[in-house]
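Colleague: Below is the sequence, then the predicted model.
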Amino acid sequence: TDDTVSVQAGGLDEIAVYETGSGDLRWIGDGYASALATDDRVYALTGPDVVGYDRESGEEQWRPGLESATYGPPVADGEKLYVGIESANQGPGIVAFDLEEGTVEWSIETDAQPGDLAIADNTLYAVADELLAIRAESAFDDIDANETDGDNVTQPFFLNDTVDTE
């Protein structure tokens with residue numbers, strides 16, 4: 001972020017957050033990957049969970065706590081945190097969590113656990129055996145070649161599909 005940088009420290013089980021201006025250590029927390037920093041939090045992968053630490057204090061504030069799940073590196077868009085997941089109960093997929101509460105907003109199944117996620121132009125891209133693009137239903141207002149399932153999220157479609165726009 002503008003005033004902090006988070007890095008892997010202490011082998012494979014700690015992350016450290018430093019001041020960018022002075023280089024002073026701000027705090028150290030559990031985690032084997034410091035995956036994402038937002039204005040409020042630093043998100044890290046820890047064992048079976050993704051955890052959100054307060055960016056200033058390092059205090060744990062966010063942990064979704066889905067049982068029997070492993071997470072991939074998260075991405076965020078300011079409202080939601082998106083994570084590739086492998087769940088013993090539901091298999092591989094993508095889960096969108098509310099950034100403030102850590103509650104599940106939506107989830108979709110994929111053929112394999114997505115390892116890489118990116119957000120661009122209101123689209124969540126995921127690599128899970130193939131490249132997927134996931135958009136909110138409202139993003140399809142001008143597209144008539146894709147059908148939605150009636151929820152706020154469309155089924156993933158493959159980028160090599162042709163899409164006609166009005």
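Modeller: Right, received. Where do you want to start? What you see is a predicted model; the values in this text were computed from it and never measured. Numbering: from 1, shown residues only.
Colleague: burial count for the nearest residue to N89 once chain neighbours are set aside?
Modeller: Once flanking residues are discounted, N89 sits nearest to S68: 6.0 Å by CB to CB, 6 or more residues apart in numbering. The way it works is simple: take the backbone N, C-alpha and C, and place the C-beta from them, glycine included. If you count neighbours by other CB atoms under 10 Å, S68 ends up with 10.
Colleague: Double-check that E56 belongs to a strand.
Modeller: No. E56: not assigned to a strand; according to DSSP: H, G, I helix; E, B strand; the rest coil it is coil.
Colleague: Where does the prediction get shaky in the chain?
Modeller: Residue ranges of the chain with pLDDT under 70: 11, 33-35, 137-166.
Colleague: switch to 80 and redo it
Modeller: Scanning the chain with the threshold set as pLDDT under 80 gives 10-12, 32-35, 47-48, 65-69, 88-90, 115, 136-166.
Colleague: Could you pull out the helices in it for me?
Modeller: Counting by DSSP state H, the chain yields no residue ranges for helices.
Colleague: bridging residues for Q8?
Modeller: Here Q8 sits in beta bridges with I15, going by DSSP bridges.
Colleague: And stretch 3-23, how far out from the chain middle?
Modeller: Distance, stretch centre to chain centre, for stretch 3-23: 20 Å (CA atoms, centre = their mean, to the nearest Å).
Colleague: end-to-end on it?
Modeller: One end of stretch 3-23 to the other measures 10 Å (CA to CA, to the nearest Å).
Colleague: Over to stretch 75-93?
Modeller: 14 Å.
Colleague: what's the offset of that stretch from the middle of its chain?
Modeller: 6 Å.
Colleague: what's next to it, contact-wise?
Modeller: Applying CB atoms under 8 Å, 6 or more residues apart in numbering, the contact partners of stretch 75-93 are 36, 38, 43, 50, 52, 66-74, 94-99, 105, 107-119, 124, 126, 128.
Colleague: and that stretch, which residues are buried?
Modeller: Across stretch 75-93, burial judged by 16 or more other CB atoms under 10 Å covers V75, A76, K80, L81, Y82, V83, G84, I85, E86, S87, P92, G93.
Colleague: between those, which is nearest A133?
Modeller: Among the buried residues of stretch 75-93, Y82 lies closest to A133 (CB to CB), at 12.7 Å.
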